[in-house]
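**Student:** structure for the following, please:
(one chain, ligands or ions: 1)
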Amino acid sequence: MQYLFVGGNSGSWTLKKQTVILGEPMPDISHLQIVGPDENQLIQNPTWILRGFTSNIRYTNHTEDVELKKQSAPLGRVEATHGAMIILKKSVAWWNLAQDERRRIFEEESKHIQIGMKFLPEVSRRLHHSRDLNEPFDFITWFEYAPEYENAFSDLADQLRATKEWQYIDREIDYRFIKSEQAR
Ligand code: HEM
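**Tutor:** Numbers count the residues shown, from 1 in each chain. Now for the predicted structure:
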């Protein structure tokens, strides 16, 4: 399912903080609107639009999948008024690896799932793939959590950034948002 992430000066999510972790910045925005596959919203004067689609799992094994499904909370929870969009591009070196080498780096060496799982169910998430759409980023990652979980979320992102997987990241921007009153 395809989602549009529309950056500009209007939308349900108000920008709280933007951090360019690595690589070229994006044009500044003050708001974000996420447009789902069944929505047909009119977006006025967007600064940029990023597209991504949800897909099948690539690196998760069966046991992990069962555990993740058991522990995950859905997006759109009332208490989850804070959101994060982290957009990432991986390197040519990453994409040149074979599937089994990528899995090994992703989980056996970097423990992406093992680390991430500790933050469930407080953090809800959805992964969007963009690489095959020739977008500027390979992934759009979206997270929602309660305000008191902001620091824990930052801690999670820092833990992942210290892993071997992140040595294959070429570009990364971290946006934090607060859901507008009207959208709650
Ligand atoms: C809330 C805790 C998190 C959990 C439980 C989690 C879990 C996962 C899982 C299971 C996958 C693999 C999906 C597949 O099999 O294809 C994945 C992929 C991914 N995650 Fe996370 N994650 C978490 C947090 C994060 C954060 C904070 C970031 C960004 C800073 C992130 C970025 C990514 C990216 C970019 C991918 C795609 C990797 C690729 O296909 O090369 N994740 N995550």
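**Student:** all strands of the chain, in order?
**Tutor:** 2-8, 13-22, 31-35, 48-53, 82-90, 124-129, 139-145, 169-179 (DSSP state E).
**Student:** turn those into a markdown table, columns for mean neighbour count, distance to the ligand and mean pLDDT.
**Tutor:** In short, each C-beta sits where N, CA and C put it, glycine included. Shown next, in a markdown table, are those (neighbours: other C-beta atoms under 10 Å; distance: least, C-beta to the nearest ligand atom, whole Å; pLDDT from 0 to 100):
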| stretch | mean neighbour count | distance to the ligand | mean pLDDT |
| --- | --- | --- | --- |
| strand 2-8 | 20 | 14 | 97 |
| strand 13-22 | 16 | 9 | 98 |
| strand 31-35 | 20 | 16 | 97 |
| strand 48-53 | 18 | 11 | 98 |
| strand 82-90 | 22 | 4 | 98 |
| strand 124-129 | 18 | 5 | 98 |
| strand 139-145 | 22 | 4 | 99 |
| strand 169-179 | 19 | 7 | 98 |
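**Student:** quick one: closest of these to residue 61.
**Tutor:** Taking C-beta to C-beta, strand 124-129 is the member of the strands of the chain nearest to residue 61, at 16.4 Å.
**Student:** residue 70 is nearest to which of the strands of the chain?
**Tutor:** Closest to residue 70 of the strands of the chain is strand 124-129 (C-beta to C-beta; 14.1 Å).
**Student:** which strands and helices sit next to that closest one?
**Tutor:** Where contact means 3 or more C-beta pairs under 8 Å, 6 or more residues apart in numbering; DSSP states H and E, strand 124-129 is packed against strand 2-8, strand 48-53, strand 139-145.
**Student:** a markdown table for the ones you listed, including distance to residue 101?
**Tutor:** What follows is the helices and strands packed on strand 124-129, written out as a markdown table (distance: least, C-beta to C-beta, whole Å):
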| stretch | distance to residue 101 |
| --- | --- |
| strand 2-8 | 29 |
| strand 48-53 | 24 |
| strand 139-145 | 18 |
